[in-house]
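**Student:** this one's structure only:
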Ligand SMILES: Nc1ncnc2c1ncn2[C@@H]1O[C@H](COP(=O)(O)OP(=O)(O)OP(=O)(O)O)[C@@H](O)[C@H]1O
Ligand SMILES: [Mg+2]
């Protein structure tokens, strides 16, 4: 390990993906975020690679949503750089930013559908904004996306207020996928869903990840979702990423937040499920 600059806490775990994955898709270096007197991030580094599902965990208010918003160019950090697809977001002009936006999709923590638009029009909106696609192409693409996320044609004309929580998540996901992104951001995708819906949503993300080869950046408090999906987990504490690596390695890191977050009762249960899945996978390989 390299020496850390004076006053900088050593990172307790820093593991890259095992396969050769090329340059990072998202590269955050020496980030600092300050609101008034409150410092949210300091000395934060985070690299995210093609094809992985990288989950960010941390206590409430540790700046996970702000970090996602910075990756989307919706907020500018106080210091440091956020590069996406190799380009520095804070230096990108409107045209570059628009081009980058066409390559990513975002599912916001609150769903964030336009309440005055139907499901169909919500999903069509990113395509219509491009002003380049004829309406019949948009129509086919919207119906395809709806089908991908398990919404029926009968849902197309519903208003967001008439949808259940699970359907809102699905419709928001369909919208996030509208422009066929390479990079998908998910903020608490399963929060507020009952366990069955949550499992179904996890299975949906898994199959989309497999079929479309997406890179996924996810924030979640939900341990089942976390263990089912993550290739790597980044732990946000003390204002920066204190550990990043595969779930089993992160769990071994001796830090109070990690102990409390993963190794409480619900953490141990989620871990048992993970172990069972690993055993099953090994048995099928044998
Ligand atoms: N625009 C802003 N102005 C001032 N403070 C802000 C702003 N946006 C976020 N904050 C503060 O930054 C901190 C991090 O907020 P953020 O929403 O990123 O937390 P989070 O980790 O996503 O929390 P949760 O798990 O509850 O969703 C909070 O203390 C929040 O109050
Ligand atoms: Mg948040």
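**Tutor:** Done, it's in. Here the structure is a predicted model, which is why all the values come from computation and not from measurement. Numbers count the residues shown, from 1 in each chain. Ligands and ions are numbered 1, 2, ... in the order given.

**Student:** where does the nearest residue to residue 230 once chain neighbours are set aside land in three-state SS?
**Tutor:** Of all residues beyond its chain neighbours, the one nearest residue 230 is residue 55 (4.1 Å), with distances taken as Cβ to Cβ, 6 or more residues apart in numbering. In short, each C-beta sits where N, CA and C put it, glycine included. Following DSSP: H, G, I helix; E, B strand; the rest coil, residue 55 is assigned to strand.

**Student:** Adjust the sequence numbering to begin at 55 for everything that follows.
**Tutor:** Okay, using 55 as the starting number, the last item reads as residue 109.

**Student:** tell me the contacts of residue 109?
**Tutor:** For residue 109, the contacting residues are 272-274, 280, 283-284, 286-288, taking Cβ atoms under 8 Å, 6 or more residues apart in numbering as the criterion.

**Student:** which one of the residues you listed is nearest ligand 1?
**Tutor:** Checking these against ligand 1 by Cβ to the nearest ligand atom gives residue 273 as the nearest, at 6.6 Å.

**Student:** Now for residue 73, how many residues are close by?
**Tutor:** 11 (other Cβ atoms under 10 Å).

**Student:** Which helix or strand contains residue 253?
**Tutor:** Element membership of residue 253, judged by DSSP states H and E, is helix 249-266.

**Student:** Run the chain-centre distance for the following helix or strand past that helix.
**Tutor:** Downstream of helix 249-266, the first helix or strand assigned by DSSP H and E is strand 269-273. Centroid displacement of strand 269-273 relative to its chain, using Cα atoms, centre = their mean, to the nearest Å, is 2 Å.

**Student:** Check stretch 285-303 too.
**Tutor:** Centroid separation between stretch 285-303 and its chain, computed with Cα atoms, centre = their mean, is 14 Å.

**Student:** what residues does the chain put near ligand 1?
**Tutor:** Listed as neighbours of ligand 1 in the chain under the rule Cβ under 6 Å from any ligand atom: 89, 94, 112, 114-120.

**Student:** Swap in 8 Å and give it another go.
**Tutor:** 87, 89-90, 92, 94, 112-123, 129, 163, 241-242, 273, 275, 290 (Cβ under 8 Å from any ligand atom).
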